[in-house]
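>>> from the sequence below, what's the structure:
(chains A, B, C and D, ligands or ions: 4)
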Amino acid sequence: MHATFPASELKAMFQSMLRIRLIEEAIADKYPADKPENQKMRCPVHLSIGQEAVPVGICEELRNDDQIGLTHRCHAPYLAKGGDLRAMIAEMYGKETGCCGGRGGSMHLYDDAAGVLTSLPIVGSVIPIAVGAALAMQQVGSDAVSVSFFGDAASEEGVFHESMNFAALKKLPTIFAIENNHYSVYTSLSDRQPDRPLEKMAEAYGMPAFHGDGNDVAGVRIAAREAIERARTGGGPTLMVFDTYRWREHCGPNYDNHIGYRSEGEFQHWKEKCPVETMRRLLKQEHGFGDDDEAVMVTVINSEIEDAFVYAENSPLPDAETAGDLVYA
Amino acid sequence: MHATFPASELKAMFQSMLRIRLIEEAIADKYPADKPENQKMRCPVHLSIGQEAVPVGICEELRNDDQIGLTHRCHAPYLAKGGDLRAMIAEMYGKETGCCGGRGGSMHLYDDAAGVLTSLPIVGSVIPIAVGAALAMQQVGSDAVSVSFFGDAASEEGVFHESMNFAALKKLPTIFAIENNHYSVYTSLSDRQPDRPLEKMAEAYGMPAFHGDGNDVAGVRIAAREAIERARTGGGPTLMVFDTYRWREHCGPNYDNHIGYRSEGEFQHWKEKCPVETMRRLLKQEHGFGDDDEAVMVTVINSEIEDAFVYAENSPLPDAETAGDLVYA
Amino acid sequence: MPDKRIMNVAEAIREATDTCMERDDRVFLMGEGVADPAAIFGTTRGLADKYGANRVIEMPVAENGFTGVAIGAAMMGRRPIIIHQRVDFSLLSLEQLFDNAAKTCYVTRGQHTVPLVVRMIIGRGWGQGPAHSQSLESIFAHVPGLKVVMPSSPRLSKGMMIAAIEDPNPVLMLEHRWVHYVEGDTPEGYYTVPLEGTTKVRDGGHVTIVANSYMRYEASEAAAALAEVGVEVDIHDLTVLRPLNVDAIVESVSKTGHLLVVDSGWMQHGIGSEVITRVVEQNLTALKAAPRRLGLSDHPTPSSRELAKDYYPRAFDIADSVADMLDLPDDKRDQVTTMINKARGSLPADIPNPAFRGPF
Amino acid sequence: MPDKRIMNVAEAIREATDTCMERDDRVFLMGEGVADPAAIFGTTRGLADKYGANRVIEMPVAENGFTGVAIGAAMMGRRPIIIHQRVDFSLLSLEQLFDNAAKTCYVTRGQHTVPLVVRMIIGRGWGQGPAHSQSLESIFAHVPGLKVVMPSSPRLSKGMMIAAIEDPNPVLMLEHRWVHYVEGDTPEGYYTVPLEGTTKVRDGGHVTIVANSYMRYEASEAAAALAEVGVEVDIHDLTVLRPLNVDAIVESVSKTGHLLVVDSGWMQHGIGSEVITRVVEQNLTALKAAPRRLGLSDHPTPSSRELAKDYYPRAFDIADSVADMLDLPDDKRDQVTTMINKARGSLPADIPNPAFRGPF
Ligand SMILES: Cc1ncc(C[n+]2csc(CCOP(=O)(O)OP(=O)(O)O)c2C)c(N)n1
Ligand SMILES: Cc1ncc(C[n+]2csc(CCOP(=O)(O)OP(=O)(O)O)c2C)c(N)n1
Ligand SMILES: [Mg+2]
Ligand SMILES: [Mg+2]
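Ligands and ions are numbered 1, 2, ... in the order given. Sure thing, here's the model as predicted:
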C-alpha cells in the first residue's frame, strides 16, 4: 500500500494531521466557558476534526509560493500549508498579534510567508479569488499554482461554475478542491443536490476531475501531485472531490449528533475511517513507528500548542483607537 | 424525412417561422430613420432573424398554460408562443397600447393570455424565474411546464447552474433551451468557453440533455416533445442546446459582417441552412406547397404586420403624468 | 386587563409565519436552514413538521438562483418567504431583487406582482467579523419598488410580518440579531401592523431621536438616563424605511427643535442622511441646533471585541450627542453616564444580554 | 498659449488607459467587449491590438466570477481594470466588491491591497428601460473601503482614470453614457487628478448647486440662463463620492445661503441626502432657505420617451428650483425657460446631442 511514499513521508503526513487534530481539539477544549462573558475566543470556529487528510495530502505537494484560498473552515489547510500557529490562535483571541490583528477572527486567516492567500467566510466567495491568483501567476510567467479549498455546498454557488469555466478556458494553473463532508450546516447533500457524482461538474467544462477517499491522505496526495503537475506545466485546472466527514458541529466545539440532523451510526461509520488513526495504524504495523515515537511527536506538538495559547493569552488586545486605521492603503 | 409530422403541421411551422421572419424584417426596415430624433422605435431591438426554428419548434409543442421566460432576444419566442403582435410593436414604439404601456421596451415583452411570462434583459436573469414558475406549477399540482429560452452566453452566468441544480433536485417541470448562436455580442463562443459540447453542463446535474440542429424546426419539435412530455409527467427538467446563427447585428437592424468579428463566409455558411428556406423547400418539393400557397400566406402575414404597425403608429404615447403610477401594487 | 402574552421577537415572527401558513396555503418558506434543527434562530421552529417539506423548503446554497426562483413563483401567484441568516448573503441576489422583484409591477403596470418576503438577519457581536455583520438597509431602501421594514418589538414584528406576507409587493424585512432576544407583550392570533410610517416609542419635548431596529433600545436606555436629569426625549422607531413617511418626525422636531438620528448601519447615504434631509427640506427653521447622526464607524466590522467596542453607537454615545446638542453641564452628563452604566451592568459590549450563548 | 487638445471623455479614458498600460505592465483590462469592434464605446479602441489578448481580456458573461478573478489577481499585485457596459451588470458582483474588494486592506491591516479599477457605465435615453439605466453610485459610496468617482470632463476623466489605476485601493468609476460625448481640452501625456474633493465649475454668489456626472451639464445650462436674469450660481461637481469631502461646498453655502443638489440617481439615500446632511451638520445657520434636491423620479426608468420625459432632472427643473429658493418673479422665470429652450434647440429629451446614434 502506498509504495509511492517512503516511511519518512508517511510520518510527515501523520505528523501534520496529528498536529492539526491536536490543535483543533485544544481549541475545542478551551473554547467554552462558564459564562459567555468569560469566554476568550469570542468568534465563530469551524473545526476540521475528521477532515485533516485532504488539506494535508494536497498541501504536502505545494510549494511555498503556491497560494491557497480558504473558506470559513480554514484552520486545517492554513496549518497544513505552514500558516503560523501563534498568529492563528491569537486571531481567535482577538489579539493584536493575530494574523489580522483581531480584525478578521477565525474565518479570515491568511499567512503571506506560507502562501495562504486568504480565507473568506462567504460560501463560494474564495473560489474566483484563487482563480485570479492563478491568472496572476500565468501573467507573470511563474509556474506556481493556486488551490481553492471549499465544501460541497460551495459547489452550489454559481460563482464556482463561473470560475471553472474561466479557468478551463484560459488553462489556468489552479485546482478546485472540494472537501465533501456531505453537509451544509445541518442540511445533507442529498437535500441540496441531485444524486450524481460531484465531479461531473468538471466535465461540464471538459476539465479533468478526480474523486477519491478524503480519509486516505496518501491517496489524496498522489492525486494532488498529478493535478498540480498538470497545472504547473500548462495543462490547466483540475477539480478534485474528496469524500470526508465533519465530526463535530458545523460551528463550535461540540458534538451534535443527538439533535437529529444526522445519526450517531453515520458518525461512527465515518469515525472508523479516521484519517489520523488509519495512518497511525499503517505506520505502526508496517513502518516500525512505536508508541514512544508517537509520544515524542505528541509532546513536541503539545508544547507548540501550549506555547501558542500562552502567546495568544498574553498578547495585548488591539488598541481600540486603531479600529479605524487602514480602511484604505 | 420527418414522417412524424403531417403536411398540415409542417405548413403551420413554416407559417409561424415565416411570420416571425417577416415581422422582424419589417422592424428592421422601419427601425432606421434619417435622423435619430425622427426615429419612432426608440429602444434597442435584438432580432432573431435566422434563429426562428428553435422558438417555433418548441412553442408548437406547448400549451397555453405553459409559461415561457425570455431574454433581450425575445421577439421570436414571444410570437411563436402566440404573443400579441400589436402589443409587441406598440411597445417598441413606446406607446400606451404596448404590452408594458411603453414602460419596458422591446426587451420586456410578456403576454399573459399566451403564457409568455416575462422577458428580462439582464443575461441569465430569467432562468431562475422560469424555474420558479415550474415550482409554482408543481406546488399547485398542474401539469403545465415552463421553458426558459436563452443564449449561449447566458450559460456562463452562475445563476444558470444554480437553476439547473435546483430544478434537477426537485424534478421540476422545466426546460432550459439554449439558442446557441455562437456569439455574445461580438465575442465568439470559443473566446468565452472551453471547447466541449454545451450539453455537458446538464450532466453535471444528472439531467437529460439534447443537442440538435437549431435550423431544423421539425427536429427541434420532436426533441421538445420528448422533453416536455418528461416534464409534464414528473420526469424533471431537460437541457436542450440548439446550434443556430444570428444573421444581423447583435442589437439593431443591420448586417455587420464587415466590421471584423466574424467572416462573411461564416455567415453565408449558416445562411444556407436558413430554417425558413429549408422548410419551404421541403414543403414545395414533397408536400405540394405551391408558390401561390406561399403568396397567400405572405399576403395574410403582411396585412397583419401592416395592421400592427398602423396600430402602433396611431396609438397614443402614454400620458407622462402616469409615469410614476403602479410602482407598488 | 387580560394576561400579557410575553414572547420574544423570534417567537413572534414564528407565530406570524405560522398564522399566515395556516390561513393561506400559497405561503411557503425557503432558505438555507429553514427546516433544520436550529430553525433560523427558532423563527421557523416546528413549521417543517407542521407543513411539510413542500412548504418549508431547504435550499441549496445558491442565493441568487433561489431568489429568482422565489420571484418566478411569486409572479405565478405563490407567496414565498425567503430567509437569509445574514443580510450579507443577500448581496449575491441583488440583481434579482433590484431588477425583477422591484420592477415587475411597474413594468407590467400592475398586471404582474411579486408578493415576496425576504427576511434578512443583521449579525452583531461575538466576533462575527466584517462579512457577517453588515446592516445594508439603506441600500435596499434606495430602490423604488421594494418595501423595506425593520420591526423592533414582538408586537410590531408579528404584525408587520403578517402584513408583509399579505402585501402584494416585495417586502424586505431586516431583523437585527439582538432584536430577536427582545421580549414583550404580543397579541394573539391574526393582526397586522401597516407597512408605513414610524412608531413612537417614547414621548418627550426636548429632543427628537429617530432610531431603527436595535438602536431603538440603545436610544431608550439613553433616554431613561437623560430623563433623570430632566431631559425628555421623543423616540421614533423608524420601522419602515420604504415607503418612508417622516410626518411624525417632522412634527416632533417642530416641537423639540433638536434631531438626532441613530442608524444601525454605516452613515454615508444611511438612514440619518435621509431623515435629516427630509426634515430640513420640510421645516428648516424648526431646528434650534444642527441635527446629528450616529451610526457605525466608517470602517468594516472588526472581529475583536476590543476593536468593536466603539464601532456601534451605544446609549453612551446617544446621551453624549443629546448632551452636546442641549449643551448640558458636566455634572448632568456624569450623572447620565453613571445611570447608563448601572442599568447595563458589567456585560461586555459584544453580548446582547446574559441569556446569550455564542457563537451566533 | 499652446493649442487646445480637444477630445471627448471616451477618448480621454482611452488615452488614460493606454498611458497606464504603457507605463506599467501589470495593468490589464478585462470585461465583456473590451477587445471587440465597439471597444466599449471606443474607450478601449486599439488597446487589444497594441497590448495583446493577455492584457485586454475578453471575458465570459459572468460578472460575479470575473470580479472575483480580478480581485484575486489584484491581491497578487496585478492591476486589473474591469469594465461593465452598464452599471446594472455589476449588481451580480456586489458580494465580491463589498466584501473582498472593500475589506481586504482593512482586514489585513494593509498587508494585502486590492488595486482594482471597476469602470461602470450609466445608461440613459433611447428607451433602454428599467434594467439598463440605473445609476447606483450611492449604493457603492455607502461602503467603506471602496473609492467612488464620477468624472465629468475629458480632463478630469483622464486624470482621475490614471489616478484610479495607480491607486492601491479599489476604485469604482461611474461614467455616464452621455458624458462620454462631452468634449474638452485634455492635457497630453501623464498627469493625475486626485481622487478627493469636489471640482468647482462655475462661480457665483447667489446659490450653490452640487451636481454629479451628467447633471453638471444640466446645471450649467440652467446657470447660464439664470445668469441672464442676474442670478449667479456656484456649481460644484461632485466628482468623488467616497472619500467624500464637502469642505468647498460648505464654504460655498456659507457665502450663498442656498443649496441645491442634483443627483443622477434616485434621491432616497442618494447624493442629495448625504450632501445636504453634511452641510447642515456643519453649518446649519448659513442656510437662508430650505435646501433642495433633485434626482430621478422615484420609480424605475420607463422605456418610452414620453414617460421618461420628466424622469430625469433637466436644466428647466434646476432653474425652477433655484427660482423657487430665491423667490424669483414670474417674468424672470419665463425668461430663463426661454433661454434654456433656445440653447437646447428642438432635440428630444432622450437623445444627448445631434451626433448621437442609437441604440446605445
Ligand atoms: C453565501 C453564503 N450563504 C450562506 C452562508 C452560511 N453558511 C456558512 S458555512 C455554510 C455551510 C457551507 O457548507 P460547505 O460549503 O459544504 O462547507 P462545510 O461547512 O461543510 O465545510 C453556510 C451555508 C454563508 N456564509 N455564505
Ligand atoms: C448580466 C449582463 N451582462 C452583460 C449584458 C450585456 N449583454 C446584453 S446581450 C449580451 C449577449 C448575450 O449573448 P447570448 O446570451 O449568447 O444571447 P444572444 O444575444 O446571442 O442571443 C450581453 C453580453 C447584460 N445584458 N447582462
Ligand atoms: Mg460541507
Ligand atoms: Mg449568443
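>>> how many neighbouring residues does the residue in chain A positioned nearest to ligand 2 have?
For chain A, the residue closest to ligand 2 is A:E162, as judged by CB to the nearest ligand atom, at 11.4 Å. Any C-beta I mention is one placed from the backbone N, CA and C, and that applies to glycine too. Per other CB atoms under 10 Å in any protein chain shown, the neighbour tally for A:E162 reads 32.
>>> element containing it, please.
helix A:158-169 (DSSP states H and E).
>>> so how far is that helix from its chain's centroid?
21 Å (CA atoms, centre = their mean, to the nearest Å).
>>> so that helix, near ligand 1 or not?
No: with CB under 6 Å from any ligand atom as the measure, helix A:158-169 is seen stopping short of ligand 1, the closest distance being 9.3 Å.
>>> tell me which parts of the stretch 101-250 of chain C are close to chain D?
Proximity of the stretch 101-250 of chain C to chain D (CB under 8 Å from any CB of the partner chain) is limited to residues C:102-103, C:106-107, C:129-131, C:134, C:136, C:138-139, C:141-145, C:242, C:244.
>>> now intersect the residues you listed with the helices, please.
Mapping these onto helices (DSSP state H) picks out C:102-103, C:106-107, C:138-139, C:141.
>>> in those residues, find the pair that's most separated.
Distance extremes for these: the farthest pair is C:V107 and C:S138 at 24.4 Å, using CB to CB.
>>> re earlier: wait, doesn't the residue of chain A closest to ligand 2 sit right on D:F66?
Yes: taking contacts as CB atoms under 8 Å, A:E162 lies within contact range of D:F66: 7.3 Å.
>>> overlap of the contact sets of these two?
Common neighbours of A:E162 and D:F66, using CB atoms under 8 Å, 6 or more residues apart in numbering or on different chains, are A:128, D:60.
>>> list just the nearest of the ones in helices among the residues of the stretch 101-250 of chain C next to chain D to A:V54.
For those, the closest approach to A:V54 (CB to CB) belongs to C:I139, at 37.3 Å.
>>> tell me the contacts of the closest residue to the closest one other than its chain neighbours?
For C:I139, ignoring the flanking residues on the chain, the nearest one in space by CB to CB, 6 or more residues apart in numbering or on different chains is D:I139 at 5.1 Å. Listed by CB under 8 Å, 6+ apart, the contact set of D:I139 reads C:139, C:142, C:269.
>>> what pLDDT does D:I139 get?
Model confidence at D:I139, given as pLDDT, is 98.
>>> ranges for the strands of chain A?
Using DSSP state E, the strands found in chain A span residues A:67-70, A:116-119, A:146-151, A:174-180, A:183-184, A:187-188, A:209-213, A:238-243.
>>> now the first one: buried residues?
Read that as strand A:67-70. A:67-70 (16 or more other CB atoms under 10 Å in any protein chain shown).
>>> pick out the residue of chain C closest to ligand 4.
C:E95 (19.5 Å; CB to the ion).
>>> burial of that residue, as a residue count?
27.
>>> doesn't it belong to a helix?
Yes: judged by DSSP: H, G, I helix; E, B strand; the rest coil, C:E95 forms part of a helix.
>>> that one and B:L120: what is the separation?
10 Å (CB to CB, to the nearest Å).
>>> with A:R63 instead?
Here A:R63 is placed at a distance of 46 Å from B:L120 (CB to CB).
>>> ok, those two, which is more surrounded?
B:L120 (32 against 12).
>>> pull the contacting residues for A:G50.
Contacts for A:G50 (CB under 8 Å, 6+ apart) come out as A:181, A:244-248, A:270-271, A:274-275.
>>> quick check, C:R278 in contact with C:L244.
Yes: with contact defined as CB under 8 Å, C:R278 reaches C:L244; the gap is 7.4 Å.
>>> how many neighbours does the nearest residue to A:K271 once chain neighbours are set aside have?
Distances taken as CB to CB, 6+ apart place A:W247 nearest to A:K271, at 6.5 Å, with adjacent residues excluded. A:W247 has 19 neighbouring residues, counting by other CB under 10 Å.
>>> any bit of stretch A:22-35 sitting next to ligand 1?
No: shown here: stretch A:22-35 not in contact with ligand 1 (CB under 6 Å from any ligand atom), separated by at least 13.3 Å.
>>> any idea how far the residue nearest to C:I139 is from D:S90?
For D:I139 relative to D:S90 (CB to CB), the value is 10 Å.
>>> which bits of the stretch 201-329 of chain A sit near chain C?
Residues of the stretch 201-329 of chain A lying near chain C by CB under 8 Å from any CB: A:251-252, A:259-261, A:317-320, A:322-324, A:327.
>>> hmm, try it at 7 Å
A:251-252, A:259-261, A:317-318, A:320, A:323-324, A:327 (CB under 7 Å from any CB of the partner chain).
>>> which residue lies farthest from the center of chain C?
Distance from the C-alpha centroid of chain C, by CA atoms, centre = their mean, peaks at C:D331 (34.3 Å).
>>> Provide the backbone phi and psi angles at it.
phi -60, psi -40 (degrees, to the nearest 10).
>>> for the one 10 residues further on, same thing?
Reported as degrees, to the nearest 10, the phi and psi values for C:N341 are phi -60, psi -40.
>>> could I get the contacting residues of the residue in the stretch 51-200 of chain C that ligand 2 sits nearest to?
Here the residue of the stretch 51-200 of chain C nearest ligand 2 is C:E95; by CB to the nearest ligand atom that distance is 7.2 Å. Residues near C:E95 by CB atoms under 7 Å, 6 or more residues apart in numbering or on different chains: B:122, B:125, C:64, D:91-92.
>>> redo the residues you listed as CSV? Include neighbour count.
Listed next are those as CSV, based on neighbours: other CB atoms under 10 Å in any protein chain shown:
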residue, neighbour count
B:I122, 25
B:S125, 27
C:N64, 30
D:L91, 26
D:L92, 32
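>>> of all the residues you listed, which two lie farthest apart?
Maximum pairwise distance among the contacts of C:E95 (CB to CB): 11.2 Å, between B:I122 and C:N64.
>>> so which bits of chain A are right by ligand 1?
A:72-73, A:121-123, A:150-154, A:181, A:183-185, A:246, A:250.
>>> now swap in chain C and tell me
C:32, C:61, C:63, C:85, C:89, C:92.
>>> for burial, what's the neighbour tally of the closest residue to the second one other than its chain neighbours?
Among residues not flanking C:V61 along the chain, A:A153 sits closest, at 4.2 Å (CB to CB, 6+ apart). Summarising burial for A:A153: neighbours were counted as other CB under 10 Å, giving 25.
>>> show me what contacts A:A153?
By CB under 7 Å, 6+ apart, the contact list for A:A153 reads A:123, A:184, A:192, C:61.
>>> how far away is A:L18 from chain C?
26 Å (CB to the nearest CB, to the nearest Å).
>>> right, I'll leave it there.
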